[in-house]
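Undergrad: Fold the following, please.
(one chain, ligands or ions: 1)
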Amino acid sequence: MARIAVAGFLHETNTFARSHTGFEAFVAADAWPGLVCGAPLLEAVAGANIAAAGFIKAASAQGHQLVPLLWASANPSGLVTRDAYEHVWDLLAHELRAAGTIDALFLDLHGTMVAEHIEDGEGELLRRIRSIVGPAMPIVAALDFHANISPQMVALTDALTVYRTYPHVDMAATGARAAALLQRALNGERWHKAYRQIPFLIPMLWQCTLVEPLAGLMQRVEVEESGGDISAAIVPGFPLADIHDCGPTILVYGIDGASTERAADRLYAAVLAQRDAFGGKLYSAVEAVARALDNAGEGPMILADTQDNPGGGAAGDTTDIPHELLRQGVQGACLGLLCDPAAAAAAHAAGCGAAVELALGGHSGIGAPPLVGRFNVEALGDGRFTGSGPFYLGCRMDLGLMARLSLNGIQILVSSHKQQAADQAMFRHLGIEPVQQRILVLKSSVHFRADFGSMAREILIVAASGENTARLSELEYQKLRPGVAVL
Ligand SMILES: [Zn+2]
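TA: The predicted structure is shown next:
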C-alpha cells in the first residue's frame, strides 16, 4: 500500500478570448465541482466522468491510501489571472506540505493552461511541485485530448496519459489508466520517453475521433500498445493558444529506448500523412438556416454554433443564429445554452407564464446585437441537475438560474453560467425533449455528438460569431515555433 496524493488544477486557456479567468471562476462550480481542498475532494468528483474520479476509484481498488489535496477547475476562457494562478498554487502548496510523507502523486490537468505571467501553466506547476517533493517521487498526470504538451511537462513527470476520444467519453477511464501506470512506477518501472511535436495546428472541429482521420489514427495508438510494453498517445492539442508549445504531439513511453522511439516515429509519420485530411464544410448562419428549412424528415436538424462554444473559451452569448432563425421565420427551433444571467434573473422575477421585455444575449459585444423583444417565460430552473449523456455523465451541474424563453416560434434556453450544450439533461431541465425539436441550435463544436449525434437528421457546422475560431488562418499568431503551420 502506498500513500498517493491527488490533485486537480484544470483550465483550457483560449489566449485569443477577451475574458480573463479570475480566482472566482475556479471557486464556482459549473459542470465540474468548484474549488475544494482536502478530504471533500473525494466526494466532489465521485461518480463523474472526470479523470480524478476514475483514478481515485482504481487506486482505491488497488489498496492504496489516497491523500486528497486540492481540486480547482474553471470553464475554458481567456488568460488565467496572475492572482488566480498564484492563489490556487498557494493552496495546493500548503496542502502538499501538510500531507506528510507521500509515495506518489496523481495530477488531473488539462494541459493547456496559460496565465498572465506564465505561458506553460502546467510545466511551471510541475516545476514548483518538484521543488517540494524532489526529483524521484513518481508523478503521473492525466491530460485532456486538447493538451499542448511542452517538453517541460514531459521531463518533470514519470508519465502523462491522455484522453483518447473527442467527444471525451473516456475521462474517467483515463484516470484509471493513470492509476495502472502509477502502480507500475511504484513497482520500480521507469520508462524511456519519446516525444514529438507535430509541425501544424489542427482546428478543434476536425479532431473528432468518431470520424476520419482521427478515428483511424487512434486505432494506431492501440496497435502500438498491443504488445503490452508501451504506453502511447496522439494528442491533437488546443490550437487557440498563441504560445511556443502550441500544437499536436506524439508521446510514447516504454522500457526499451529504441523500440519506444520507433513507435513514436510511426505515429508521427501517420499524423503527417493525414495533414490534408483535417477539414470539412462550414456553413454561414444564412446557409445553415435555409438548409435546415429545406431538409424535411425525421429527427432534428442540428446546427452546431461552433465559434461560440464555451467549451473552447467563447462567451456563449452570441446571437447571430437566432437572429437568422427569426429573419427566416422559422417555427420550432430551440437553442441552448445562451449565457445571460440578467435575463435569467428577470425571467425568474417575472415568473413562469409571464412576458418580459429583454435585450437577450450579445452582451459580450461579439457579433450581432442582443435579441430585443417581448419574450414569454415558458419554464424556469435552478440550474442544478445531473448530466446523463456519455460526455457529462454523472456530473452534478450548477449553471445558476435558468429559463426557457420563447419569441416568435423559437425557444432559447438561458443559463447564468456559460456551459457547452453537450447533454440532453440541459434541455430536459427546462421541459424540452430534444428529439422532438425540428431544429436544435447547440453552442458546441464536437462534444454534442456524444449525446445528440444519433438523433440528428443532419448536422451542420455553422461559423457564426464567436471566439472559438474555426478557421485558424484568421488568427494572428505571434509566438508559435518557427515552421509551425495552421490548417
Ligand atoms: Zn478537450
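Undergrad: What sits closest to the closest residue to the ion within the stretch 101-250 of the chain if chain neighbours are left out?
TA: The minimum distance from the stretch 101-250 of the chain to the ion, using C-beta to the ion, falls at H146 (3.7 Å). Backbone N, C-alpha and C define where each C-beta goes, glycine included. Excluding the flanking residues, the one nearest H146 by C-beta to C-beta, 6 or more residues apart in numbering is F238, at 4.0 Å.
Undergrad: residues making contact with stretch 208-224?
TA: The contact list for stretch 208-224, computed with C-beta atoms under 8 Å, 6 or more residues apart in numbering, reads 164-167, 207, 230, 232-234, 236, 252, 263, 266-267, 270-271, 274, 277-278, 446, 449, 453.
Undergrad: do that again at 6 Å, thanks
TA: 164-166, 207, 230, 232, 234, 263, 270, 274, 277, 446 (C-beta atoms under 6 Å, 6 or more residues apart in numbering).
Undergrad: Output that stretch as CSV - backbone C-alpha positions only.
TA: Output of stretch 208-224 as CSV, limited to C-alpha atoms (Å, rounded to 0.1, in the frame of the first residue of the first chain):
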residue,chain,number,x,y,z
CYS,A,208,-13.4,14.4,-33.7
THR,A,209,-12.5,10.7,-33.1
LEU,A,210,-15.8,9.4,-34.4
VAL,A,211,-14.7,10.1,-38.0
GLU,A,212,-11.5,10.1,-40.0
PRO,A,213,-8.7,10.8,-39.9
LEU,A,214,-8.6,10.7,-36.1
ALA,A,215,-10.7,7.5,-35.8
GLY,A,216,-8.0,5.6,-37.7
LEU,A,217,-5.1,7.4,-36.1
MET,A,218,-6.4,6.5,-32.6
GLN,A,219,-6.6,2.8,-33.7
ARG,A,220,-2.9,3.0,-34.5
VAL,A,221,-2.3,4.0,-30.9
GLU,A,222,-4.0,0.8,-29.8
VAL,A,223,-1.9,-1.2,-32.2
GLU,A,224,1.3,0.3,-30.8
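Undergrad: Let me know whether W206 touches D276 as I believe.
TA: No: using C-beta atoms under 6 Å, W206 makes no contact with D276, being 11.0 Å away.
Undergrad: So the two - more neighbours on which side?
TA: More neighbours surround W206 than the other of W206 and D276, with 20 against 8 (other C-beta atoms under 10 Å).
Undergrad: residues from the stretch 51-200 of the chain in reach of the ion?
TA: Residues of the stretch 51-200 of the chain lying near the ion by C-beta under 5 Å from the ion: 144-146.
Undergrad: now with 6 Å?
TA: For the stretch 51-200 of the chain, the residues in contact with the ion (C-beta under 6 Å from the ion) are 144-146, 168.
Undergrad: Output these as CSV; include the columns secondary structure.
TA: Shown next, in CSV, are those (DSSP: H, G, I helix; E, B strand; the rest coil):
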residue, secondary structure
D144, coil
F145, coil
H146, coil
H168, coil
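Undergrad: ok, and the most crowded of the residues you listed?
TA: Note: the member of those with the most neighbours is F145, at 28 neighbours, neighbours being other C-beta under 10 Å.
Undergrad: Tell me the confidence at that one?
TA: With respect to pLDDT, F145 has a value of 98.
Undergrad: and T174, which of the three is it?
TA: T174 ends up helix, using three-state DSSP.
Undergrad: An error on my part: the question was meant for F452.
TA: Of the three states, F452 takes helix under three-state DSSP.
Undergrad: So what's the residue count around it?
TA: Using other C-beta under 10 Å, the number of residues around F452 comes to 25.
Undergrad: Okay, domains of the protein per the record?
TA: As recorded under automatic domain parsing, the domains making up the chain are 3-277, 285-462.
Undergrad: Starting from the helix or strand where R196 lies, tell me which strands it pairs with and how they run.
TA: In the assignment (DSSP states H and E), R196 maps to strand 192-197. Sheet pairing for strand 192-197, assigned by DSSP bridges, gives strand 249-254 (antiparallel).
Undergrad: what mean pLDDT does the partner strand have?
TA: The average pLDDT for strand 249-254 rounds to 98.
Undergrad: one step back: pick the one among the residues of the stretch 51-200 of the chain next to the ion closest to L79.
TA: Of all these, H146 has the smallest distance to L79: 16.6 Å, by C-beta to C-beta.
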